[in-house]
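In: Kindly return the folded structure for what I paste below:
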Amino acid sequence: MLRAERGFIIVGQETDGTVTPDDLGLSGMVSKVKRDFVGKRSLSRPDMSLPDRKQLVGLLSADGRTVLDEGAQIVADTAQPVPMKMLGHVTSSYFSACLGHPVALALVSGGRARLGDTLHVTTPSGFAAAKVVAPVFFDAEGKRVNGAAEGALHA
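Out: So this is what the prediction gives:
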């Protein structure tokens, strides 16, 4: 649970063969100075920097109660004709006792550009509205994890 609240990924759950470090917000972990490394050529392909690539984002259900289903599809407009254009899917979803509400991680087309937008996630009974947010829900500043704040254990 804590790993999802902190926006940490599980390889194979938040990733697949199409996800790059930049899609996860981890482009700073890719060397800019090494002449060559395994995968460097693939990362330099033009399609790896398209603005509509699926990127890791956080989702908060609009009602503050609905725990979104992992694997649920995400759409922008529930009124669009079938077959609907799917923007992505929920990769992890939990109720956070620490925060008092559900949190979810998702891979969404153009995800970082959609921060603040409301999207719609499929449910067994229809759709649930969800706000797109940054994928770090807890201790986003890193104060607790780095022990930088006095009384951090009580924050």
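In: any chance you could map the strands in the chain?
Out: Listed from the start of the chain, the chain has strands (DSSP state E) covering 54-61, 73-75, 88-96, 101-109, 118-123, 126-133.
In: just for the chain, where's the confidence low?
Out: Applying pLDDT under 70 to the predicted model, the residue ranges of the chain that meet it are 148-155.
In: Go again with 50.
Out: In the predicted model of the chain, residues 152, 155 satisfy pLDDT under 50.
In: Let me have the strands of the chain in CSV, extended by distance to Leu24.
Out: (Each C-beta comes from the backbone N, C-alpha and C, glycine too.) Putting the strands of the chain into CSV (distance: least, Cβ to Cβ, whole Å) gives the following:
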stretch, distance to Leu24
strand 54-61, 5
strand 73-75, 17
strand 88-96, 11
strand 101-109, 9
strand 118-123, 19
strand 126-133, 16
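In: May I see those organised as TSV, with distance to Phe37 and mean neighbour count added?
Out: What follows is the strands of the chain, written out as TSV (distance: least, Cβ to Cβ, whole Å; neighbours: other Cβ atoms under 10 Å):
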stretch	distance to Phe37	mean neighbour count
strand 54-61	22	24
strand 73-75	33	20
strand 88-96	26	20
strand 101-109	24	24
strand 118-123	35	19
strand 126-133	32	18
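In: Can you tell me which of those strands is nearest to Asp47?
Out: Among the strands of the chain, strand 54-61 comes nearest to Asp47, with 12.3 Å by Cβ to Cβ.
In: returning to what we had before: which stretch among the strands of the chain comes nearest Arg144?
Out: The closest approach between Arg144 and any of the strands of the chain, judged by Cβ to Cβ, belongs to strand 88-96 at 14.7 Å.
In: got the contact list for the closest one?
Out: For strand 88-96, contacts defined as Cβ atoms under 8 Å, 6 or more residues apart in numbering pick out 1, 4-5, 10, 13-14, 54, 56, 59, 67-74, 101-109, 111, 121, 137-138.
In: Out of the strands of the chain, the one nearest Asp22 is which?
Out: Taking Cβ to Cβ as the criterion, strand 54-61 is the member of the strands of the chain that comes nearest to Asp22, at 8.0 Å.
In: where does the closest one sit relative to the chain's centre, distance-wise?
Out: The chain centroid and the centroid of strand 54-61 are separated by 3 Å under Cα atoms, centre = their mean, to the nearest Å.
In: heads up, I number from 14, so please use that
Out: Will do, 14 is the new start, and the previous item becomes strand 67-74.
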